[in-house]
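In: the following block contains a protein sequence and its predicted model.
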Amino acid sequence: MSNTESSVELDLYPVETVPDVLVLEPRDVPLGGPRAMNVRRTLPHKNRSFVGAWCFLDHYGPDDVAATGGMDVPPHPHTGLQTVSWLFEGEIEHNDSGGVHAIVRPGEMNLMTGGRGIAHSEVSTRETSVLHGVQLWVVLPTADRDAAREFQHYETPIVKLADGVRARVFIGELAGESSPVKTFTPLLGAELHLDAGARWEVPVDASFEHAVLVDQGSVRLNSTTLAASHLGIVDSGLERLELVADEPARLILLGGTPYTEEVVMWWNFIAPTHEEIEQAREEWQERSDRFGHVEGYEGKPQWLPAPNMPNARLRPRGRTRKR
């Protein structure tokens, strides 16, 4: 999915202290024109850039495609990251410059590696009446920033992990379930379903920091209540998380080892420096071979021009806000 904003420095929710569970509220971001589909963005945030190497989280739907127009994102570029498309309802047609054509469906993991440069388009299919899901980005470490283009697909089974708890583990390992999907840093990604009254002591890797996004219902994470669309973040050092659901709930659980490098994030590019962002933008505008060509997109425009660079120099950002 394209980041339609030219800046990622706009999240202004104040945090007076850092609690055991940091709660981030989403802000609405429109994708497209007046009939645009809105997404609810919690990462990146002014007070938190990463959870592990997870660096971008858009949550959308359930949207009536007849009313919103659905998703129609023309070919656009990415550098320095992997994208994860995860659906609860609907379907999205994916085409990329690595020659991959895929239909993204609920419960199926689709991970695209951008590395030095890739382009792709995303369009909700004609069969889709309701669109509902999340779009996630993973920042690549400097050593792997120029990784080759790649697309991985994994049909995730839903399994019982505890009384009243079912899950689809799409990245990493959780409670004995694992995914074969390759990432460049240790990560966890899972969809969780909790029945009303469920209480689960979740065994987790203590070296990971974790985040819980509530899709439906509400939950208590380590005694902190999270409402729908809120993101709760817990730093590393815990071997267990407690999740309690007083009503049926669906969650996304993310985790990873703390990402300690600083990067510049602008539009759809991630790079170590301002100059490398400028270079990527210039090459995209020139339609260079760096990003390749996307076949199969039938909409207009045939490619998405980059916004103008800001007048100020882009600042690198680390895991948390500098105080």
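Out: Received the coordinates, thanks. Numbers count the residues shown, from 1 in each chain.

In: for the chain, which segments count as helices?
Out: According to DSSP state H, the chain carries its helices in the segments 65-68, 274-285.

In: what mean pLDDT does the longest one have?
Out: Model confidence over helix 274-285 averages 98 on the pLDDT scale.

In: same check on stretch 250-265?
Out: Stretch 250-265 shows an average pLDDT of 97 in the prediction.

In: sorry, back to before: in CSV: the helices of the chain, plus distance to Ile171.
Out: Any C-beta I mention is one placed from the backbone N, CA and C, and that applies to glycine too. Formatted as CSV, these follow (distance: least, Cβ to Cβ, whole Å):
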stretch, distance to Ile171
helix 65-68, 28
helix 274-285, 26
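
In: pick the most buried one from those helices.
Out: Counting by mean count of other Cβ atoms under 10 Å, helix 274-285 has the highest mean neighbour count of those, with a mean of 18.

In: contacts for that helix?
Out: 77, 79, 117, 264, 266-267, 269, 271, 290-291, 305-306, 309, 313-314 (Cβ atoms under 8 Å, 6 or more residues apart in numbering).

In: helix or strand with the lowest mean pLDDT in the protein?
Out: Least confident helix or strand of the chain, by mean pLDDT, DSSP states H and E, is strand 27-31 with a mean of 85.

In: report the central residue of this protein.
Out: Leu136 (1.1 Å; Cα atoms, centre = their mean).

In: hey, what's that residue bridged with?
Out: Leu57, Val84 (DSSP bridges).

In: which ones are touching it?
Out: Applying Cβ under 8 Å, 6+ apart, we find Leu136 in contact with Trp54, Phe56, Leu57, Asp58, Thr83, Val84, Trp86, Gly189, Leu254.

In: how about low-confidence regions in the stretch 201-323 of the chain?
Out: Scanning the stretch 201-323 of the chain for pLDDT under 70 picks out 320-323.

In: wait, Val202 sits on Val244?
Out: No. The pair Val202 / Val244 is not scored as a contact, 11.0 Å apart, by Cβ atoms under 8 Å.

In: who's more crowded, the two?
Out: Val202 (22 against 17; other Cβ atoms under 10 Å).

In: not counting sequence-adjacent ones, nearest residue to that one?
Out: Spatial nearest neighbour of Val202, excluding adjacent residues (Cβ to Cβ, 6 or more residues apart in numbering): Leu241 at 4.4 Å.
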